[in-house]
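> Sequence and predicted model, in that order:
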Amino acid sequence: MRHIISVLMENEAGALSRVAGLFSARGYNIESLSVAPTEDPTLSRMTLVTIGSDEIVEQVTKQLNKLIEVVKIVDLSDGNHIERELMLVKVRAVGSDREEIKRLAEIFRGCIIDVTDKSYTIELTGPSSKLDAFLETVERSTVLETVRTGASGIGRGEWTLKV
Amino acid sequence: MSVELTGAEITIRCLQEEGVQCIFGYPGGAVLFIYDELFKQDKVRHILVRHEQAAIHAADGYARSSNKVGVALVTSGPGVTNAVTGIATAYMDSIPLVIISGQVPTSAIGLDAFQEVDTVGITRPCVKHNFLVKDVTELALTIKKAFYIASTGRPGPVLVDIPKDVTQQKTKFAYPDKVTMRSYNPVIKGHTRQIKKAAELILGAKRPVVYAGGGVILSDAAPQLTELTQMLNFPCTNTLMGLGGYPATDKQSLGMLGMHGTYEANMAMQYCDVLVAVGARFDDRVIGNPKHFFNENRKIIHIDIDPSSISKRVKVDVPIVGDVLDVLKELIKLLKAEKEKPDQAALKEWWKQIDLWRERDCLKFDRESQIIKPQMVIEKLFNITKGDAFITSDVGQHQMWAAQFYKFDKPRRWINSGGLGTMGFGMPAAMGVQLANPKGKVACITGEASIQMCIQELSTCKQYKLPLKIVNLNNRYMGMVRQWQEFFHGNRYAESYMNALPDFVKLAESYGHVGIKIERPEDVEDALKEAFKLKDQLVFMDFITDQTENVFPMVPGGKGLSEMILV
């Protein structure tokens, strides 16, 4: 099963490599990982997407908790949550495709943020599945380049992950 | 009060403040300022080893036998890479160490400087935590944190990497009294409701077993484990790491369990109805194949300080996260207040069954043999030392025989590399044990293969007059490798024969020690007696033992606990 895990950790050099090293050393999957400092600059928040059985994900969270720099951790998949991912996608846009792609971007609530006479660069946010859906909808051969941030997640309602 | 000190001075001052009396190390370019400060004081004694691996093992033996944090000091680059085996050994067995390593100056980091390695990167997977100190103002707090992290929660090695320029920079020094970290707060007290549940299961047990591991030793809970086991009249088995946690000569002891555990311990483990796991982690060498283990139904209580040890290999019914000592005290209190007692008739039946298993006499060996049997040497060693020696071991057959035949009644007397299985551990660890226990009898049980992996330490033993007794069970084979090749590889002894062995007697003598070669069973006892009479000297006893002897019982890899190969 897919799990999305939020990790609050000390914003220190090397903390990220401890997490990455843990996953490779113990053979856990990382689908995506995104990290940046929080409003409190001494803390970083990481969102990890991993796939594994309940037993494995239980071990993943326990092992993450064991890292000295990890302050708090929550498996967002345990409750209601929102997740978003940002994608920038550069597509070939010539002739009649230009109008079609523009329309498609609008349907997906994307923005065209860079234009040349042969290409568009589209900015798209949403749950990872929506970004997948967009890529499936545009003609494969028109996609020149994609870059995705990996998912970020947050709990719904007033519940927060804080120190 | 606070005067300006250099980083090197601060490092030594921190060690003094921590009450460190003895450190193990080897100098080199990056740590010269620290060594200079060591030279100028006499509170912290430095033991010069002959290889950095031995420095860590010695600090490790020091820690295991004394419950103090072991400290080692090594230089950058090869100093650190040599130390890695020792660090990984301590990590696998949860031993509290602080390792201070030198690093190239901060301005040179990342430039492939002479004797530069990414120490924090290389050691990351085998330490509890590590630090690179780039600013001298953070040095004292970092060392404080290192000692705190190493010795609390599930203990482990912590490394502090100090660049050379940081050891020269000056700052005001004040050693913090204590340290709090928002990201590190190990759970000590067990959950009361869980302990209650455990007590209920225990009182309802008909075929109980206490299964106790290294956590009992690490948390100094041997008296509590013994009290609990004896007030309940439960059988108790210890893991390789847990030997001494329950007195092995007591009638309720089933001995060691696992791959080379006793028949009665493994059968009881397999067929019990309530299993009380205390500071143990159900590893592959202990329960064999987990699927086979679950062919039988039983309720499992698991007490451990590390939440990630719980339900890792085996699903448990009553997990209790907490310090073994605290939880056992609570549990004992609760059980004492309880009027109900476990079903005595059922227990009697269970003990009857266990006695039947015991009659199998799974540790028997040929006592009439004309060739020295390794088991016999260890039995004699046990008798002559009255079970009161500190025993370190290397890794292989001799380690298993030591665990089976030396009956440890006290904790912290059995020092071996259980998790990582590091050959070369025994002698340097024994040096640390002897330094922590200057009056103690210390013997290293080893083999001719293992001992050669750190043989250079005979020189260190000479320098510091460490009167170790080396019990070399010399069968001219890497015994355990040979045993597996005999059982599982059609007697093809690929590279397991130790050709071109040195004359160990002459070798010991060349280092200024005493060497004795023993070839006949009737000479074993006298040799051991004589060795222990030489109180101030290291005696290297080279016992020429039976080449074909195997360790029994044996649970082959992938098999279940009740599927032992017996003698």
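Nice, I can see it. Numbers count the residues shown, from 1 in each chain, chains lettered A, B, ... in the order given.

> Stretch B:284-299 - what's its average pLDDT?
Mean pLDDT, computed over stretch B:284-299, is 94.

> So which bits of it are buried?
By neighbour count on 16 or more other Cβ atoms under 10 Å in any protein chain shown, the buried set for stretch B:284-299 is B:285-289, B:292-293, B:298-299. (C-beta placed from N, C-alpha, C; glycine too.)

> Enumerate every residue touching the single nearest residue of chain B relative to chain A.
Residue nearest to chain A within chain B: B:Ser308 (3.8 Å; Cβ to the nearest Cβ). The contact partners of B:Ser308, by Cβ atoms under 8 Å, 6 or more residues apart in numbering or on different chains, come to A:59, A:62-63, A:65-66.

> which among the residues you listed are in contact with chain B?
A:59, A:62-63, A:65-66 (Cβ under 8 Å from any Cβ of the partner chain).

> Tell me the one of those nearest chain B?
Out of the ones next to chain B among the contacts of B:Ser308, the member with the shortest distance to chain B (by Cβ to the nearest Cβ) is A:Lys62, at 3.8 Å.

> Tell me if I'm right that that closest one and B:Pro307 touch.
Yes: at 5.1 Å, A:Lys62 counts as touching B:Pro307 under the criterion of Cβ atoms under 8 Å.

> Please identify which of the two sits among more neighbours.
With neighbours defined as other Cβ atoms under 10 Å in any protein chain shown, A:Lys62 and B:Pro307 compare such that B:Pro307 has more, 20 against 17.

> Need the pLDDT of the more buried one.
In this model, B:Pro307 is scored at 96, pLDDT.

> which element follows the biggest strand by length in chain A toward the C-terminus?
In chain A, taking DSSP state E as the definition, the longest strand is strand A:81-92. Where DSSP states H and E defines the elements, the next helix or strand beyond strand A:81-92 is helix A:97-107.

> residues from chain A in reach of chain B?
So chain A meets chain B at A:9-10, A:13-14, A:17-18, A:21, A:25, A:55, A:58-59, A:62-63, A:65-66, A:68-71, A:163 (Cβ under 8 Å from any Cβ).

> Mind jotting down where the strands sit in chain A?
A:2-10, A:32-37, A:43-51, A:70-75, A:81-92, A:111-115, A:119-126, A:143-148, A:152-155.

> Let me have these in a markdown table, adding mean pLDDT as columns.
Shown next, in a markdown table, are the strands of chain A (pLDDT from 0 to 100):
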| stretch | mean pLDDT |
| --- | --- |
| strand A:2-10 | 96 |
| strand A:32-37 | 95 |
| strand A:43-51 | 96 |
| strand A:70-75 | 96 |
| strand A:81-92 | 97 |
| strand A:111-115 | 97 |
| strand A:119-126 | 98 |
| strand A:143-148 | 97 |
| strand A:152-155 | 96 |
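
> Could you dump these into JSON lines and include distance to B:Thr6 and mean neighbour count?
Below are the strands of chain A laid out as JSON lines (distance: least, Cβ to Cβ, whole Å; neighbours: other Cβ atoms under 10 Å in any protein chain shown):
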{"stretch": "strand A:2-10", "distance to B:Thr6": "28", "mean neighbour count": "20"}
{"stretch": "strand A:32-37", "distance to B:Thr6": "33", "mean neighbour count": "15"}
{"stretch": "strand A:43-51", "distance to B:Thr6": "33", "mean neighbour count": "21"}
{"stretch": "strand A:70-75", "distance to B:Thr6": "33", "mean neighbour count": "19"}
{"stretch": "strand A:81-92", "distance to B:Thr6": "49", "mean neighbour count": "18"}
{"stretch": "strand A:111-115", "distance to B:Thr6": "54", "mean neighbour count": "12"}
{"stretch": "strand A:119-126", "distance to B:Thr6": "53", "mean neighbour count": "19"}
{"stretch": "strand A:143-148", "distance to B:Thr6": "48", "mean neighbour count": "13"}
{"stretch": "strand A:152-155", "distance to B:Thr6": "45", "mean neighbour count": "18"}
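
> tell me which element B:Ile162 is part of?
Assigned by DSSP H and E, B:Ile162 falls in strand B:157-163.

> residues touching A:Val89, list them.
A:121-122, A:124, A:134-135, A:138, A:143, A:145-147.

> What's the local residue count around B:Ile195?
25.

> what's the answer for B:Arg182, then?
For B:Arg182, using other Cβ under 10 Å, the count is 12.

> That one is in contact with A:Lys72, isn't it?
No: if you go by Cβ under 8 Å, B:Arg182 and A:Lys72 don't touch, sitting 9.1 Å apart.

> Return every residue with contacts to both of the two.
A:Val163.

> quick revisit: export the strands of chain A to CSV and tack on distance to B:Val187?
Shown next, in CSV, are these (distance: least, Cβ to Cβ, whole Å):
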stretch, distance to B:Val187
strand A:2-10, 19
strand A:32-37, 27
strand A:43-51, 22
strand A:70-75, 15
strand A:81-92, 27
strand A:111-115, 48
strand A:119-126, 40
strand A:143-148, 38
strand A:152-155, 24
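
> out of the ones you listed, nearest to B:Phe390?
Taking Cβ to Cβ, strand A:70-75 is the member of the strands of chain A nearest to B:Phe390, at 37.7 Å.

> just checking, what packs against the closest one?
strand A:2-10, helix A:54-66 (3 or more Cβ pairs under 8 Å, 6 or more residues apart in numbering or on different chains; DSSP states H and E).

> that older thread, buried among the residues of chain A next to chain B? Make that a PyMOL selection.
Here is the PyMOL selection string for the buried members of the residues of chain A next to chain B, based on 16+ other Cβ under 10 Å:
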select buried, chain A and resi 9+10+18+58+59+62+63+66+68+69+70+71
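
> ok, A:Ser129 - contacts?
Taking Cβ under 8 Å, 6+ apart as the test, A:Ser129 contacts no residue whatsoever.
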